[in-house]
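>>> after the sequence you'll find the predicted model.
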2 protein chains.
Amino acid sequence: MSKSELVYHVAREIRLLQQSFDAFDEAAAGRLGINRTDLRALDVVLGRGPVTAGELTAALRLSPAATTTVIDRLERVGLVARTRDAANRRRVLVEATEAARAAERRIYRPVGEAGLRALTRYDHGQLETIVDFLTTARAVQQEHAERVATEPAD
Amino acid sequence: MSKSELVYHVAREIRLLQQSFDAFDEAAAGRLGINRTDLRALDVVLGRGPVTAGELTAALRLSPAATTTVIDRLERVGLVARTRDAANRRRVLVEATEAARAAERRIYRPVGEAGLRALTRYDHGQLETIVDFLTTARAVQQEHAERVATEPAD
DNA sequence: CTGCTAAAGTTCGACTGTCGAAATCTAAAC
DNA sequence: GTTTAGATTTCGACAGTCGAACTTTAGCAG
């Protein structure tokens, strides 16, 4: 394959990879009977441990009002528990339940392990190339997201 | 950096890359004054040329009803034109306007070019590694999306 | 032709997720 | 002890999506 063909493939594969992540998230949300926003919230809670409602608001970039209902929904299906912070009773702490951690194991662990296994196929230099590529791609993407967001409207 | 550190970085960078794509789409939608669904629809129309409402419904995985309103919104802001197919007057053809193509040039072309430039830094073998990585990652992701979607509920 | 059935979109009413503003409850400052 | 500020929730309104019913057009059987 020529270099320009490879470049074309990279562009194409990136799109497909995005779509496959999307499909995975959709499947995970469906499996848990929750929507995508709630899944993102659960991800944050599972990843960072007990978190305040305010932190969740910031992490999800939602309004405080919306975050309240997100927590309500997750609590109602038993994936999250709400407790008032003993040290500062204005705060609400949101924590993943055992059911949520079990779901995490069932859903995310297998794909994580498969990912790691797949990466063992690459040698050290190849992994460096991959990391470099991912970092560069992200930098380009962020730079242009910034440009598009700030550019004059017309 | 050790191999296991590199593997860790790959996982982390993938997450960040996803987020940066998300941020870019958000910025693009904001710039055009439309929502994310409408942006996806516009993407399809720009990419495939004139498309029927039914094809759009399939591509976006929306209901026909929702697709109608997507087209309504895009038409109202002048990014898309609706015409009845002369050959089969039940069909509605949706076509990108010149304004939409101009927006595409302003928003997407610079990032596309930057992406291509960035890829020229890699030699042939490195590009092969990158393509292989992307293809593998997608395969893993798709396989597990399938698993999660079909697995028994508990 | 005529009438019937299927196809492609649209309209309508209901529901869900999100928001801004006002309200509630708690902590801190004076 | 009253006031001010902080964290979350409640409330009313609005946008996006859906399923079901409806409209228009095509294709076909008689």
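Structure's in. What do you need? Numbers count the residues shown, from 1 in each chain, chains lettered A, B, ... in the order given.

>>> please count neighbours and contacts with C-alpha atoms only from this point.
OK.

>>> quick one: contacts for A:Leu17?
Under the criterion of CA atoms under 8 Å, 6 or more residues apart in numbering or on different chains, the neighbours of A:Leu17 are B:134-135, B:137-138.

>>> mind doing that once more with 6 Å?
B:Arg138 (CA atoms under 6 Å, 6 or more residues apart in numbering or on different chains).

>>> for A:Phe24, same thing?
Going by CA under 6 Å, 6+ apart, A:Phe24 touches B:Ala145.

>>> what does the pLDDT read for it?
Listed pLDDT for A:Phe24 reads 95.

>>> quickly find the element holding it.
Secondary structure assignment for A:Phe24, by DSSP states H and E: helix A:3-32.

>>> near DNA strand C, which residues of chain A?
A:34-35, A:37-38, A:61-67, A:69-70, A:86-90 (CA under 7 Å from any atom of the strand).

>>> off-centre distance for stretch A:25-41?
11 Å (CA atoms, centre = their mean, to the nearest Å).

>>> same thing with stretch A:94-108?
15 Å.

>>> what does it contact?
Here stretch A:94-108 has contacts from A:50-52, A:79-82, using CA under 6 Å, 6+ apart.

>>> narrow those to those in strands?
The strands in this structure, assigned by DSSP state E, contain A:51-52, A:80-82 from the contacts of stretch A:94-108.

>>> so can I have TSV of these showing neighbour count and distance to A:Leu16?
Below are those laid out as TSV (neighbours: other CA atoms under 10 Å in any protein chain shown; distance: CA to CA, whole Å):
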residue	neighbour count	distance to A:Leu16
A:Val51	19	33
A:Thr52	18	35
A:Val80	24	33
A:Ala81	17	36
A:Arg82	19	38
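
>>> tabulate those residues (CSV), appending distance to A:Ala102 and pLDDT.
As requested, those are exported to CSV (distance: CA to CA, whole Å; pLDDT from 0 to 100):
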residue, distance to A:Ala102, pLDDT
A:Val51, 19, 97
A:Thr52, 22, 97
A:Val80, 12, 98
A:Ala81, 15, 97
A:Arg82, 18, 96
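
>>> distance to B:Glu104 added to these, as TSV?
Listed next are the ones in strands among the contacts of stretch A:94-108 as TSV, based on distance: CA to CA, whole Å:
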residue	distance to B:Glu104
A:Val51	40
A:Thr52	40
A:Val80	42
A:Ala81	45
A:Arg82	45
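
>>> mind listing the strands for chain A?
Counting by DSSP E, chain A has strands at residues A:51-52, A:80-84, A:92-96.

>>> who touches A:Gly30 in this structure?
Contacts of A:Gly30 by CA under 6 Å, 6+ apart: none found.

>>> over to the one 5 residues further on?
Listed by CA under 6 Å, 6+ apart, the contact set of A:Asn35 reads A:Ala29.

>>> what does chain A have sitting close to chain B?
A:3, A:10, A:17, A:20, A:24, A:27, A:124, A:131, A:138, A:141-142, A:145, A:148-149 (CA under 6 Å from any CA of the partner chain).

>>> which one of those sits closest to A:Asp43?
Nearest to A:Asp43 among the residues of chain A next to chain B, counting by CA to CA, is A:Phe24 at 13.6 Å.
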